[in-house]
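Undergrad: how would this look folded up:
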Amino acid sequence: MSNINLLPDLISRSAARRPDAIALTYGRQSMSYEVLQQSLAAFVGCLVGLGAQRGERIAIYLEKRPETVVASFGATAAGCVFVPLNPLLKAEQVAYILRDCNARVLVTSRERLSLLDPVLSSCRELRHVLLVDGEPRPEDPGHPSQLCWNELLQSPTRAGHRVIDADMAAILYTSGSTGKPKGVVLSHRNMVSGAASVASYLENRAEDTLLAALPLSFDAGFSQLTTAFHVGARVVLLNYLLPQDVLKALARENVTGLTAVPPLYIQLSRLEWPAAIGQHLRYFANTGGRMPRETLAVLRARLPQSKPFLMYGLTEAFRSTYLPPEEVERRPDSIGKAIPNAEILVLREDGSLCAANEPGELVHRGALVGMGYWNDHEKTAERYKPLPVTVPGRAAGLTLPEIAVFSGDTVRMDEAGFLYFIGRRDEMIKTSGYRVSPTEVEEVIYATRLVGECVAFGIDHPTLGQAIQVIATAGADGDPDVATLLAECRVRMPAYMVPASIVVRPGPLPRNPNGKIDRRTLADDFTSGQGQGVSKGKS
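TA: Reported below is the predicted structural model:
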């Protein structure tokens, strides 16, 4: 069996082993591994024919569709770097990323290109736009050339540039808590090692069918492709409008593996699931935040044969921890232990190891640590730092530093080595001399079963430092009585954790491009006077 060193090797090896196996399903269309590999080769010829150089960035602004996959893996096969743009981004956000990463080629659709018309002239490094549908417009001196996807894929076969596994493969832009998006640079080694690690503990196999419901611009979303291709499994590409669409796809396609974020699982838990799903869904995995206990309990009751995998990750290191299904009953609040081929440390500010159950910063070391933030020395230096020489695995005789990801997340590790998420350092609420995790507040409120969704954050207060503010949506029985909800909080929380105010507003709550509830936007809107809801209560 050939070694997998580069990202496109995931496809070429599966194509060599099982050429007729289905790699992708999109609506009523399916694509075998052999055809997918041929499409990659054609795309390589296209990029090299256009003069794309080693390491140049190829941006992709599309919904989930086969061309998105071909362009992503094909760009790396050509020796270039793919930059997936979330299809929910607006024109100015897309233009910022295109300028920031100096994209040379943009793969998009006619409809999306029309949205970008007002801003493309500002992207001076962009040379070509590849349209996956429709005919190109006549040449416009103020815009990059437009080319037809189908015609370009008839280009003569050409070899891509030589690359090694330490070279760049992708730049994934994350929605930072403040400021402009940050481009996380990942190497071939990062992505291939991540695929092997995740596929090993999820026990993925060639017979699996994975549902790609998350955006492919999100590391956990793209991971559905890499883990499936690593074992020769099938991926179903889904662009859903309603949670019900996800359930229909799970049933229709006999999906065996689902990975989603807590807000989607919260919505899915309120729906009636076709009984057939539980017969073939082998596992469901959570990422992008802690799964509320109540939601997890509902899912486990509806899917008694499906294994739950609770995971934690950060784009800067792809994936960090998972909780084995057999531990979920005993430790439902844990984010687990390090994934295979990674080490997770909990460090104090001075770089020393924390004691058991002592809060500290989660630090990730190993093959999945990314290459830093694109074009941003300052933020890279904040997050990617040399490991202290005193940590395990660093012998005194090693003279070169090892760079690890300092996550900015506060966690604790119990005596058995299981990790527990406490909160983001920049989201922790400081009230009455205490540091309160907003996710802990939300967990208690979810447990009341009186709300649909909720988000907690701190607002300035003259005596408390910060007061805890909660915004919630109606539950299954309609708008909750705020007084009752606050009374439940007083019963379930210490006094300093009880929200000062709860606002009920129509749902769903806004998401960021990765599908997570946008805590930062909600907090900013509230403090600027835009957070009025239909009901409000104070403690």
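Undergrad: next SSE downstream of the longest helix along the chain?
TA: Across the chain, the longest stretch assigned as helix under DSSP state H is helix 33-49. Proceeding C-terminally, helix 33-49 gives way to strand 57-61 as the next helix or strand, assigned by DSSP states H and E.
Undergrad: sheet-wise, list the partners of that following strand with their directions.
TA: Using DSSP bridges, the strands paired with strand 57-61 are strand 81-84 (parallel), strand 105-108 (parallel).
Undergrad: and the spatially most central residue of the chain, how far is that from R189?
TA: When the chain is reduced to its mean C-alpha position, the nearest residue by Cα atoms, centre = their mean turns out to be F218, at 3.6 Å. Relative to R189, F218 is positioned 20 Å away (criterion: Cβ to Cβ, to the nearest Å). Where you see a C-beta, it was placed from the backbone N, CA and C, and this is true even at glycine.
Undergrad: count the neighbours of the closest residue to the residue nearest to the centre of the chain other than its chain neighbours for me.
TA: In space, F218 comes closest to N514 once its chain neighbours are excluded; the distance is 4.4 Å by Cβ to Cβ, 6 or more residues apart in numbering. The criterion is other Cβ atoms under 10 Å. On that basis, N514 has 22 neighbouring residues.
Undergrad: what about N514, distance to E427?
TA: Remark: distance between N514 and E427 (Cβ to Cβ) = 16 Å.
Undergrad: next, L237: phi, psi?
TA: For L237, the backbone dihedrals are phi -90, psi 120 (criterion: degrees, to the nearest 10).
Undergrad: that one: what's it in contact with?
TA: Taking Cβ atoms under 8 Å, 6 or more residues apart in numbering as the definition of contact, the neighbours of L237 are L24, T25, Y26, K64, R65, P66, T68, V69, A212.
Undergrad: make it 6 Å
TA: Taking Cβ atoms under 6 Å, 6 or more residues apart in numbering as the contact definition, L237 lies against Y26, K64, A212.
Undergrad: residue ranges for the strands of the stretch 1-150 of the chain, please.
TA: Per DSSP state E, counting those that start in this stretch, the stretch 1-150 of the chain carries strands over the ranges 22-26, 29-32, 57-61, 81-84, 105-108, 128-131, 145-148.
Undergrad: figure out which of those is closest to P340.
TA: Using Cβ to Cβ as the criterion, the shortest distance between P340 and those is 24.3 Å, found for strand 22-26.
Undergrad: and the closest one with helix 33-49, angle?
TA: With axes from the mean of the first three to the mean of the last three Cα atoms, to 10 degrees applied, the angle from strand 22-26 to helix 33-49 works out at 80 degrees.
Undergrad: packing partners of strand 22-26?
TA: Strand 22-26 sits against strand 29-32, strand 234-237, with contacts defined as 3 or more Cβ pairs under 6 Å, 6 or more residues apart in numbering; DSSP states H and E.
Undergrad: tell me the most buried of the ones you listed?
TA: strand 234-237 (a mean of 24; mean count of other Cβ atoms under 10 Å).
Undergrad: ok now the helix or strand just after that one, how far from the chain's centre?
TA: Where DSSP H and E defines the elements, the next helix or strand beyond strand 234-237 is helix 243-252. In this view, helix 243-252 has its centroid 21 Å away from the chain centroid, taken as Cα atoms, centre = their mean, to the nearest Å.
Undergrad: now helix 243-252: mean pLDDT?
TA: Model confidence over helix 243-252 averages 97 on the pLDDT scale.
Undergrad: which residues does it contact?
TA: L211, A213, L238, Y240, Q267, L268, P274, A276, I277.
Undergrad: spatially nearest residue to the second one (excluding sequence neighbours)?
TA: Among residues not flanking A213 along the chain, L238 sits closest, at 5.2 Å (Cβ to Cβ, 6+ apart).
Undergrad: hmm, that neighbour is touching L214, no?
TA: No: between L238 and L214 there is no contact, the gap being 9.6 Å when judged by Cβ atoms under 6 Å.
Undergrad: ok, those two, which is more surrounded?
TA: More neighbours surround L214 than the other of L238 and L214, with 24 against 21 (other Cβ under 10 Å).
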